[in-house]
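Trainee: return atomic coordinates for the entry below.
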Amino acid sequence: QVQLVQSGGGEVQPGASLRLSCAGSGFPLGRYAIGWFRQAPGKEREAVSCVDTIVGTTYYLDSVKGRFTIFRDNPKNTVYLQMNSLKPEDTATYFCATDLIIGSGCRETDAYVEVWGQGAVVTVSS
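Mentor: As a prediction, this is how the structure comes out:
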């Protein structure tokens, strides 16, 4: 069964760091672009970051550039989102996802997503 299993999340103060993990089950993550999306209460889901299969090819939402880093650990079949200098506006449920299309590259839309992680709640509050 093809799954994305997330871990991480939690409640932190502004300026703190968190790392989200997204482990692939039943398929090799390294063959696909993997994205992170988030949805805050009352807001639409938005694409936060993505890592393509081409080394060094990543995408970041403007508001997280310089603070978030996405990276792969292919031997562990896992993609990570390192979030530093967190702000209250980063509060949301974060989902990893993939379209399971080899060569599709990163997309800023969730219209083609075939597999979603279960979500992880991130709360940034003082």
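Trainee: so residue 27 makes contact with residue 100?
Mentor: Yes: counting by Cβ atoms under 8 Å, residue 27 touches residue 100, with 7.3 Å between them. To be clear about C-beta, it is placed using only N, CA and C from the backbone, and glycine gets the same treatment.
Trainee: any idea what residue 71 is bridged to?
Mentor: residue 80 (DSSP bridges).
Trainee: report the contact partners of it.
Mentor: Counting by Cβ atoms under 8 Å, 6 or more residues apart in numbering, residue 71 makes contact with 51, 79-80, 82.
Trainee: between those, which is nearest residue 65?
Mentor: Of all the contacts of residue 71, the one with the least separation from residue 65 (Cβ to Cβ) is residue 82, at 13.2 Å.
Trainee: any idea how far residue 36 is from the nearest residue to the closest one once chain neighbours are set aside?
Mentor: In space, and not counting its chain neighbours, residue 82 is closest to residue 69: 4.5 Å by Cβ to Cβ, 6 or more residues apart in numbering. Distance, residue 69 to residue 36, by Cβ to Cβ, to the nearest Å: 11 Å.
Trainee: tell me which of those two has more neighbours.
Mentor: residue 36 (28 against 16; other Cβ atoms under 10 Å).
Trainee: check which element follows the host helix or strand of the more buried one along the chain.
Mentor: Secondary structure from DSSP states H and E places residue 36 in strand 34-39. Sequence-wise, the next helix or strand downstream of strand 34-39 (DSSP H and E) is strand 46-51.
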